[in-house]
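>>> quick one, structure for this:
(one chain, ligands or ions: 1)
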Amino acid sequence: MRLYGDLAPWFHLLTAPADYEHEAERYRETIVGALPDATTLLELGSGGGNNASHLKRSFTCTLSDLSPQMLTLSRELNPECEHVLGDMRLLRLGRTFDVVFVHDAVAYLTTEDDLRACLGTAYAHTRPGGVALFVPDCTRETFEPGTEHGGHDGEDGRALRYLEWTSDPDPGDTAYEVEYVVVMREAGRDTRIVHDHHVLGVFPEHTWLHLLEDAGFEPTAVPAQPDDDDAPQPMFLARRPAGR
Ligand SMILES: C[S@@+](CC[C@H](N)C(=O)[O-])C[C@H]1O[C@@H](n2cnc3c(N)ncnc32)[C@H](O)[C@@H]1O
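Alright, predicted model coming up:
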C-alpha cells in the first residue's frame, strides 16, 4: 500500500493529528474508566502517530507499526515516544504494558486467523489486570459502503486531496475494499495523482468477542457512540484477568 510506503510523508495531509483530539479523548476516558492508574501504553499499528500525539499526554507510549516509513513520520510528531518496527500478528517485545491500544490499523487483518494472531499479541503485552482497547473502523453490523473526500494544505507549500471509495464485493466474506485516489501538489513539481487499492477486514461483533475470550481476555463491547463523522464507533474493551 503506497499510502504507508512511498506516500507516508504525505499522511498528515491526508489525515491531520489535530483532527484526532476528540476521539483520542474518548479512548483516554474509556481506558482510565477501566484502569484509573494506567501509565504505560503500547499501540499496535500506530501509523502516523495521530492518536498517540494526544494519548502521550496521559500515558508513556510505545508505538509499533509494520511500515518503517510510517514510523519515521510518527517519530517526527512524537519524538518522546519509543518506536518499534513490528507486525501486530507477530510482535513480541518480552514485556507488558498497562494498556494495549489497537485502532484502525486492525482493519488490515482480513482473516480470523490474522485477527486471532493480533489478539494474541495484545494479550502477550497486556499486564495481568491490565486492559486492551480495540477500535476497528467498523464491525460487520456497522459496515456501510460509501465515498468520502478530504485532505489538507500543508505549511510547506504541499497540499493533498483524496477520494476514498468503500465497497464490499462479497458481503458473505470478511473482506471489503477501499479505493483511494490521492492528488498531491508541491512547488516546482507537476501535480501527481495516485490510485491505491486497499483490502480490509470486517468481522461480526460476536467473532470479536469470542476471539477475545479465546485469547484469554474478559471482553466487553463498549456501547457504540457516534465518532467525529457521526458514524457509530465500535469499541472492544478487554481485561487480562489479574491472576493470569
Ligand atoms: C490508517 S494507518 C493508522 C493511523 C493511526 N491510527 C494514527 O493514529 O495515526 C494504518 C497503519 O496500519 C499499519 N499496518 C497495517 N498492517 C499492519 C500489521 N499487520 N502490523 C502493524 N501495522 C500494520 C500500516 O503500516 C499503517 O501505518
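>>> give me the buried stretch members for the least confident helix or strand in the chain by mean pLDDT, please.
In the chain, no helix or strand scores lower on mean pLDDT, DSSP states H and E than strand 218-226, which sits at a mean of 86. Residues of strand 218-226 classed as buried: 219, 221-222 (neighbour count, 16 or more other C-beta atoms under 10 Å). Where you see a C-beta, it was placed from the backbone N, CA and C, and this is true even at glycine.
>>> flag every residue of this protein that's near the ligand.
Residues of the chain lying near the ligand by C-beta under 6 Å from any ligand atom: 4, 45-51, 65-67, 70, 87-89, 103-105, 108.
>>> what's the ChimeraX line that selects buried ones from these?
To isolate the buried members of the residues of the chain next to the ligand in ChimeraX, using 16+ other C-beta under 10 Å:
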select :4,45,46,47,48,49,50,51,65,66,67,70,88,89,103,104,105,108
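>>> got a list of what the closest residue to the ligand within the chain touches?
Closest to the ligand within the chain is Gly47: 2.5 Å, counting by C-beta to the nearest ligand atom. Gly47 sits next to 4, 11, 65, 67, 70, 74, 103-105 when contact means C-beta atoms under 8 Å, 6 or more residues apart in numbering.
>>> adding secondary structure, pLDDT and distance to Glu112, write these out as CSV.
As requested, these are exported to CSV (DSSP: H, G, I helix; E, B strand; the rest coil; pLDDT from 0 to 100; distance: C-beta to C-beta, whole Å):
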residue, secondary structure, pLDDT, distance to Glu112
Tyr4, helix, 98, 23
Phe11, helix, 98, 29
Asp65, strand, 98, 22
Ser67, coil, 98, 24
Met70, helix, 98, 25
Ser74, helix, 98, 29
His103, coil, 97, 20
Asp104, helix, 96, 19
Ala105, helix, 98, 17
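>>> follow-up on the earlier one: quick check: neighbours of the least confident helix or strand of the chain in the sheet, parallel or antiparallel?
Each strand paired with strand 218-226, and its direction, by DSSP bridges: strand 232-239 (antiparallel).
>>> average pLDDT across the partner strand?
What strand 232-239 shows for mean pLDDT is 93.
>>> can you start the count at 20 instead of 1 from here on
Sounds good: first residue 20 from here, last item strand 251-258.
>>> got any ranges where this protein has weak pLDDT?
In the predicted model of the chain, residues 245-249 satisfy pLDDT under 70.
>>> so which of the contacts of Gly66 comes closest to Val202?
Phe30 (14.7 Å; C-beta to C-beta).
>>> I'd say that closest one and Thr91 touch.
No. Phe30 is not in contact with Thr91 according to C-beta atoms under 8 Å; the separation is 10.5 Å.
>>> give me the more crowded residue out of these two.
Taking neighbours as other C-beta atoms under 10 Å, Phe30 and Thr91 compare with Phe30 leading, 22 against 12.
>>> contact partners for the more buried one?
Applying C-beta under 8 Å, 6+ apart, the residues contacting Phe30 are 22-23, 66-67, 89, 92.
>>> quick check: of those residues, which lies closest to Ala141?
Gly66 (16.6 Å).
>>> now Trp184: how far from Glu198?
Note on Trp184: its distance to Glu198, by C-beta to C-beta, to the nearest Å, is 4 Å.
>>> isn't Ala143 right next to Arg111, touching?
Yes. Using C-beta under 8 Å, Ala143 is in contact with Arg111, at 6.2 Å.
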